[in-house]
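> just coords:
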């Protein structure tokens with residue numbers, strides 16, 4: 001999904017090219033495509049920001065992170081060919097849920113602002129479960145600006 005990922009303070013940033021497949025016939029992002037981008041952003045945050053293999057979390061650990069609440073303000077359109085930046089901030093970490101804010105911008109112009117809640121779900125029982133301690137520790141370190149995105153010593157489990 002991303003071209004360039006980085007952590008600045010307590011926010012994970014991912015640059016993304018707006019592709020033809022994201023757009024409606026007018027050449028602007030068709031709004032449901034942003035929701036697909038959000039999921040890709042969360043995957044990038046896990047893989048590159050937290051150092052946790054998202055695919056393995058789903059396939060081997062049988063944990064999923066569905067969105068259970070979503071609010072979104074569409075401020076200005078994004079157009080085909082632009083490289084937009086999606087910025088993810090972990091606002092709140094609950095027992096089994098996390099509240100995330102995403103801001104989409106292009107050249108410092110805010111295009112979209114979203115707030116959503118993800119729940120940690122056992123994929124076998126399809127019930128919420130507490131965030132595993134090791135994942136919680138990484139998320140707390142991220143919130144506290146303690147993660148170095150270039151540190152490859154974290155386990156990719």
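Cool, got the structure. None of the values given here were measured: they were computed from a predicted structure.

> would you map the helices across this protein?
Read by DSSP state H, the chain holds these helices, from start to end of the chain: 32-44, 54-59, 133-143.

> what does the last one rub up against?
Among residues not part of helix 133-143, those counted as contacts by Cβ atoms under 8 Å, 6 or more residues apart in numbering are 7, 10, 12, 49-52, 90, 93, 98, 131, 147, 154, 157. Where C-beta positions appear, they are placed from N, C-alpha and C, glycine not excepted.

> now do the longest one
Surrounding helix 32-44, the residues in contact under the criterion Cβ under 8 Å, 6+ apart are 1-2, 5, 12, 14, 16, 21-23, 54, 65, 67, 70, 72, 86, 88, 100, 102, 104, 112, 114, 116, 118.

> can you give me the buried ones in it?
For helix 32-44, a neighbour-count test (16 or more other Cβ atoms under 10 Å) marks 33, 34, 37, 38, 41, 42, 43, 44 as buried.

> picking that back up, which one of the contacts of helix 133-143 is nearest to residue 61?
residue 157 (8.3 Å; Cβ to Cβ).

> confidence score at the closest one?
Confidence per residue is given as pLDDT, and for residue 157 that number is 45.

> what's the answer for residue 147, then?
Among the per-residue scores, residue 147 shows a pLDDT of 82.

> for residue 60, give me its contacts.
By Cβ under 8 Å, 6+ apart, the contact list for residue 60 is empty.

> oh sorry, the question was meant for residue 110
Contacts of residue 110 were listed using Cβ under 8 Å, 6+ apart, and they are 75, 76, 103, 104.

> same deal with residue 68?
For residue 68, counting by Cβ under 8 Å, 6+ apart, the contacting residues are 97, 117, 118, 119.

> let's see if you can find the most crowded of these.
The member of the contacts of residue 68 surrounded by the most neighbours (other Cβ atoms under 10 Å) is residue 118, with 22 neighbours in all.

> most neighbours among the contacts of helix 133-143, which one?
residue 12 (27 neighbours).

> how far away is residue 69 from residue 109?
27 Å (Cβ to Cβ, to the nearest Å).
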